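> structure for this input, please:
(2 chains)
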Amino acid sequence: MRLSRYFLPVLKETPAEAQIVSHRLMLRAGMIKQASAGIYSWLPLGFKVLQKIEQIVHEEQIRAGHHPMLMPTLQSADLWRESGRYDDYGQEMLRIRDRHDRDMLYTPTAEELITDIFRSYVSSYRDLPLTMYQIQWKFRDEIRPRFGVMRGREFYMKDGYNFDLTKEDALHAYNRHLVSYLRTYERMGLQAIPMRADSGPIGGDDTHEFLVLADTGESEVFYDSEITDLKFGDREIDYDDKGQCQAVLEEFTSRYARTDETHDEALFNEIPEERRRVARGIEVGQIFYFGTKYSEPLGATVQGPDGKSVPVHMGSHGIGVSRLLGAIIEASHDDNGIIWPEGVTPFHCGIVNLKQGDSEADAACEALEKALESNGLEPLYDDREERAGGKFATMDLIGLPWRITVGPRGLAKGVVELTSRRTGESEEMSPEAAVARVAEIYEVNR
RNA sequence: CGGGGCGUGGCGCAGUCUGGUAGCGCACCUGUUUUGGGUACAGGGGGUCGUGAGUUCGAAUCUCGCCGCCCCGACCA
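Here you go, the predicted model:
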């Protein structure tokens, strides 16, 4: 992509309304524009990252055996009356009336609708287990939206729902989600720690939240420092194997890690003092097992092997896709701007032409652009009539992890410069070597 | 919803107290210059000062209403 043809409205100054670093950087990097309180337009750069994150979530859900689908954002109030949540949910639910005076709502979550789909078509235990999910816009009419996309009213969320015959099967689904979430966050370059949490309006007995440690997090968290040493890594796992999933759950939840809602001071104090940590965290996902809370009132039953009808055991599972952009930036930035992890970067590599209009520099940049593209990579070539300083500042701000700098001085020696955004380290090498190196970096991260 | 604050070219702000017909920096356009970490100079375009009413010879400025936005708190992926 040529920057001169792209739409990248970067700002030198920070808009006054932005308080936290991720919000400031998203506005300055031209990723989002506020439309109204807690509601944002996603400009091309922001949308690109949103899609990258969405893609990783899809891949990991499908890997775990879950089926993607899509449900509407506007729903009839009827189902919600049936479950009892039309009254319970309160002011946070945006209620709308259509032209026929029917009560509608903008979905804050979709347990009712998915359960209705299930009960319409599934009547035998032979169709279980079943897990379906969607990535769809949600709306929760927060009293006070803030922090940009971290606490918007409209937000993009992956929500998944499992249906199982027994509690044991449903807990396996719970564990499977935990494993898939660990993989998902790690692919985005994040460490998200599962913590025992409170179930809130979704209800249920078992629930874990996934938290990314960050000073600007909204939750206070308490944990045993040993937990941050755990990595899921690239281990192979059979998602149908109950034992394997259970073992991962135990590994990642055996140490103390709780949010303030469920914090237990006495238990916490049993950890050796030097390992006790009190910090803040950003919630980027949550998994629930809630049994028959929705299947009973909504009549989602199957016939078991014995011919008797029983309500199915369910759970629901969410990942805050739009919030993740904020969380990643909070966890990965410096004074000059964003530092994207390779897994979610909007462009794989920046190309900075230090002397636009110089025929050799222009030609070298264009050749680099083509070579990177033919390796399946997306470069962003800054071909604007800008000074070098301005181009560097823009690249640093938007956070591409790798940058190739091309100028007449280097070209005279047959080299360009490859720079890591994260470390700032530069290395001179031939253009061909730079392309090969970048291709290799992304091959490993694929 | 309780408490606090703000609304003036695209962005950041001054001007409001003490009423006199709108200004600065950045960005943008033109030209010259410059070019390895936000170049310098010259010229230029762009604002019914959130909105409605009132006071006044005269309102960005004073009064009242409304709308929007932000911050702290309770609530939340």
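
> neighbours around the residue in chain A that RNA strand B sits nearest to, how many?
Nearest residue of chain A to RNA strand B: residue A:389, at 2.2 Å (Cβ to the nearest atom of the strand). Using the backbone N, CA and C atoms, a C-beta is placed for each residue, glycine as well. For residue A:389, the count of nearby residues is 8 (other Cβ atoms under 10 Å).

> show me the shaky parts of chain A.
A:199-205, A:445-446 (pLDDT under 70).

> domain assignment for it?
According to automatic domain parsing, chain A comprises the domains A:3-337, A:347-444.

> the residue of chain A closest to RNA strand B sits in which helix or strand?
Assessed by DSSP states H and E, residue A:389 sits inside helix A:388-398.

> who touches the helix or strand that that helix is followed by?
Using DSSP H and E, the helix or strand that follows helix A:388-398 in sequence is strand A:402-406. For strand A:402-406, contacts defined as Cβ atoms under 8 Å, 6 or more residues apart in numbering pick out A:348-354, A:361, A:364-365, A:368, A:395, A:416-421, A:426, A:431, A:434, A:438, A:441.

> now cross-check these against RNA strand B and list the overlap.
A:354, A:417, A:419 (Cβ under 7 Å from any atom of the strand).

> neighbours around the first one, how many?
For residue A:354, the tally of surrounding residues (other Cβ under 10 Å) stands at 21.

> thought it was touching residue A:411?
No - at 9.7 Å, residue A:354 and residue A:411 do not qualify as touching, with contact defined as Cβ atoms under 8 Å.

> need the residues touching each of those two.
Common contact partners of residue A:354 and residue A:411 (Cβ under 8 Å, 6+ apart): residue A:361.

> among the ones next to RNA strand B among the contacts of strand A:402-406, which one lies nearest to residue A:296?
For those, the residue nearest residue A:296 by Cβ to Cβ is residue A:419; the value is 59.2 Å.

> ok, how many other residues are close to that closest one?
Using other Cβ under 10 Å, residue A:419 has 20 neighbouring residues.

> what angle separates the host helix or strand of it from strand A:402-406?
If you go by DSSP H and E, residue A:419 is part of strand A:416-420. Angle of strand A:416-420 versus strand A:402-406, following axes from the mean of the first three to the mean of the last three Cα atoms, to 10 degrees, is 160 degrees.

> can you tell me which helices and strands strand A:416-420 packs against?
Judged by 3 or more Cβ pairs under 8 Å, 6 or more residues apart in numbering; DSSP states H and E, strand A:416-420 is in contact with strand A:402-406, strand A:426-429, helix A:431-444.

> contacts for that strand next, please.
Counting by Cβ under 8 Å, 6+ apart, A:364, A:368, A:401-406, A:410, A:425-431, A:434, A:437-438 sit against strand A:416-420.

> buried residues, it. List them.
By neighbour count on 16 or more other Cβ atoms under 10 Å, the buried set for strand A:416-420 is A:416-419.

> need the residues you listed in a markdown table (columns: distance to residue A:163).
Shown next, in a markdown table, are the buried residues of strand A:416-420 (distance: Cβ to Cβ, whole Å):
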| residue | distance to residue A:163 |
| --- | --- |
| A:416 | 55 |
| A:417 | 55 |
| A:418 | 50 |
| A:419 | 50 |
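
> check the residues you listed against residue A:106 and report the nearest one.
Using Cβ to Cβ, residue A:419 comes nearest to residue A:106 of the buried residues of strand A:416-420, at 45.0 Å.

> who is that closest one paired with across the strands?
Note on residue A:419: beta-bridge partners by DSSP bridges are residue A:403, residue A:426.

> buried residues, stretch A:17-37. List them.
For stretch A:17-37, the neighbour count (16+ other Cβ under 10 Å) marks A:18, A:20-32, A:34 as buried.

> that stretch: how far from the chain's middle?
How far stretch A:17-37 lies from its chain's middle: 17 Å, per Cα atoms, centre = their mean, to the nearest Å.

> CA-only coordinates of that stretch, as PDB, when you get a sec.
Taking Å, rounded to 0.1, in the frame of the first residue of the first chain, the C-alpha atoms of stretch A:17-37 are listed here in PDB:
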ATOM      1  CA  GLU A  17     -11.000  14.000  25.500                       C
ATOM      2  CA  ALA A  18      -8.500  11.100  25.500                       C
ATOM      3  CA  GLN A  19      -7.200  10.200  28.900                       C
ATOM      4  CA  ILE A  20      -5.500   6.800  28.600                       C
ATOM      5  CA  VAL A  21      -2.600   6.000  26.300                       C
ATOM      6  CA  SER A  22      -4.400   3.500  24.100                       C
ATOM      7  CA  HIS A  23      -7.200   5.900  23.400                       C
ATOM      8  CA  ARG A  24      -4.800   8.700  22.700                       C
ATOM      9  CA  LEU A  25      -2.700   6.600  20.300                       C
ATOM     10  CA  MET A  26      -5.700   5.200  18.500                       C
ATOM     11  CA  LEU A  27      -7.000   8.700  17.800                       C
ATOM     12  CA  ARG A  28      -3.500  10.000  16.900                       C
ATOM     13  CA  ALA A  29      -2.800   7.000  14.600                       C
ATOM     14  CA  GLY A  30      -6.000   7.700  12.700                       C
ATOM     15  CA  MET A  31      -7.600   4.300  13.700                       C
ATOM     16  CA  ILE A  32     -10.900   5.500  15.100                       C
ATOM     17  CA  LYS A  33     -13.100   8.500  15.300                       C
ATOM     18  CA  GLN A  34     -15.600   9.000  18.000                       C
ATOM     19  CA  ALA A  35     -19.200   9.200  16.600                       C
ATOM     20  CA  SER A  36     -20.900   9.900  19.900                       C
ATOM     21  CA  ALA A  37     -20.300   8.900  23.500                       C
END
